[in-house]
Structure formats: structure tokens, C-alpha cells
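1. What follows is a protein structure lacking sequence information:
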């Protein structure tokens, strides 16, 4: 069930056994207005109440808050999924208060790691369960050896959190020394005009690509040689794990939460935090560009470190057990590989 218009096609195809219900309330690409939120609460209560699911799962705050309020008193367990860190609410006190007020109406709230759970207030920790994201292994990941695309890739929404402005600035500082290399930033968002203007100001229109979102992200990883994560924070570096599965060395900031899967100088290079983020990132990128041997060594080790760690079969079994705990008095559900 989504806020999209009825009949809207999802960006990624759904299994035909999944029924999609578009409620047509507001726009998924911008925050809801107060009146839209009220409409959503009443619509969820009406539609979900008619379906009477065993468990209702709300992915991200924009869903689990209205869902929890909508199903209050219905007896339907509500599980929320929080994919952000507490830092996100520092400048959003109203959202923080509303989220705290919703906690009594939730049966549970998943977060992506135990470290994230411990970073939240005790009032929220009591409802939180740490469950990592599954990351399906690529069908044809390729190997670090033999790549010659001379391409750095970044994947993420074009928003302040992902900080692609720093990445473009870092690339601009090293681009004159490496004329054959390009930067490709995959994703879309409100900062696109600013990033395009920044690209033009550095004269990098032919060397910095902003193609938007893609349905074939695996092909992008296979065609790259370095993955650059410029984010200020992440709750779980899903794209980082995907890049590592494809044998790409990763450059990220050492103070970015959510990249703990990286090991400095073993699976990638961590840039030191500081006031000049662009210079901090430019150094590791330059080092990797200059050394094919280093890229291959880090990429091979990256594939080894993440192999099987985020196996969907294992993590979906955890999800099955979690869902059954709400409807079967704690009965466990066995899933075999």
C-alpha cells in the first residue's frame, strides 16, 4: 500500500503475487502537509481495517507514524521500520515529538543495527529490534582485475545528506591530473540544478555524468573501478555493500555512521573528517586512481569480507520469526536455505 495514484507502476517491478494498492494521497516525492497526513490516517484505517492483515509493516517514519495512529485500537500489530539515525531529528524537533508519541501504538520498531538501537533514547530502545538489510549477491559481479573504465561511481539521492557537492569538488581538484577519468553520480533529487551548475563552473560537463536513477544498478557497478560515498551519515550503507560485492574499492568518510562494514586500507580508504571535506576525499581518490594494484587488492578483499554476510535467506528467516512473534505468541518459523 503506497501513497501513489491507483494504477501507478513502481520503479522496480514487483512480483506478480504482490498486490499493490495506491491510495493517491499527496506526493511521495515531498513531505506531506498536515491535512494530507490526516487524510492518510483515515484512509489507512479504512483500507487496512478492511483487509485485516496479520501484521502491518510501515517502512520509514512517513509511513509508520500515520499507520500506528490509524490502527490504534484495531488489534492489528504494527511494526515500524526506522532507517534513520537520531541525528536526523536534531533539527526536526516536531518530527521527534510526533515519533515519540507514536511509540505506544507500535508493537515494535526495527533498526538496521544494534549500534543504531543503542543510540536512540531508552523510551524508543525498548520497542526496537535490530535487523540488518538483506543484500542479494550479484548474478555476475565481475572481478577487480581487468577493469579499464576509468570511472568513479556514486549512488544516492541528490540531497544534502549524500553531499555530492563535496564529491564533485574533490573530483575537480584531481581531474586535471587524470584526464581519462570520469565521475558518474546515479540518483535524482532536489539538488540536481545546484550540482549541474557546480559541474559547469568547473568545466566538467563531459566528465561528470548525472544520468538520474537506473533500473540496472549492477551494470553500473560492473562498469566502474572506484565507488565513492560522500554521505555525511548513513544508517546502513546498502550501496556500499553492493559496491563491495562487485569488487569495488570504496572511499568514504571515517566519521560517517553506517559504513562500519568498511576497513581502512583493507577493503577501501577512509577519508579523515575536517572542515575541508573535498580535500579529504580528493586524497584517497587520487591514491586509488594512481594505483591499479591497490584498487585490485582492496576490491578482492572487499568481495571476501561481505560474501554471505547479508544473505537474504538468513535475514528473511529473521524477518519471518519477527513477524510470527506478533501473531503466534512467539512461535518461531524455520526457514531452510
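-> Perfect, thanks for sending it. This structure is a prediction, so every number in the text was calculated from the model and none was measured.
2. Okay, buried residues for the lengthiest helix in the chain please.
-> Criterion DSSP state H: the longest helix present in the chain is helix 34-51. Going by neighbour count (16 or more other Cβ atoms under 10 Å), the buried part of helix 34-51 is 36-37, 39-41, 43-45, 48. C-betas here are computed from N, CA, C, even on glycine.
3. Likewise for stretch 311-326?
-> 315, 317-319, 321-326.
4. Report the central residue of the protein.
-> Ranked by distance to the mean C-alpha position of the chain (Cα atoms, centre = their mean), the top residue is residue 238 at 5.3 Å.
5. In stretch 171-183, which residues are buried?
-> For stretch 171-183, a neighbour-count test (16+ other Cβ under 10 Å) marks 171-175, 178, 181-183 as buried.
6. I meant stretch 22-31, not that one.
-> Going by neighbour count (16+ other Cβ under 10 Å), the buried part of stretch 22-31 is 23, 25-26.
7. List of residues touching it?
-> By Cβ atoms under 8 Å, 6 or more residues apart in numbering, the residues outside stretch 22-31 that reach it are 1-8, 32-33, 36, 39-40, 43-44, 47, 62.
8. before we move on, what about stretch 175-190?
-> Residues outside stretch 175-190 that contact it (Cβ under 8 Å, 6+ apart): 150-159, 162, 164, 167-168, 171, 195, 202, 204, 207-214, 217, 220, 224, 228, 286, 289.
9. so where is the protein shaky, pLDDT-wise?
-> Within the chain, the stretches with pLDDT under 70 are 28-29, 146, 328-337.
10. Which strand residues bridge residue 270?
-> residue 252 (DSSP bridges).
11. Give the burial count for it, as a bare number.
-> 19 (other Cβ atoms under 10 Å).
12. residues touching it, list them.
-> Residue 270 is in contact with 251-254, 259, 262, 264, 284, counting by Cβ under 8 Å, 6+ apart.
13. Among these, which pair sits farthest apart?
-> Greatest spatial distance among these (Cβ to Cβ): 259 and 284, at 13.1 Å.
14. Look at these two and report which has more neighbours.
-> Set side by side, residue 259 and residue 284 show more neighbours around residue 284, with 24 against 21, by other Cβ under 10 Å.
15. does that one sit in a helix, a strand or a coil?
-> Three-state call for residue 284 (DSSP: H, G, I helix; E, B strand; the rest coil): helix.
16. what residues are up against it?
-> Counted by Cβ under 8 Å, 6+ apart, residue 284 has contacts 251, 269-271.
17. Now rank those by neighbours and give me the top one.
-> Neighbour counts for the contacts of residue 284, by other Cβ under 10 Å, peak at residue 251, which reaches 28 neighbours.
18. I'd assumed residue 283 was in contact with it.
-> No. Residue 251 lies out of contact with residue 283 (Cβ atoms under 8 Å); the separation is 9.2 Å.
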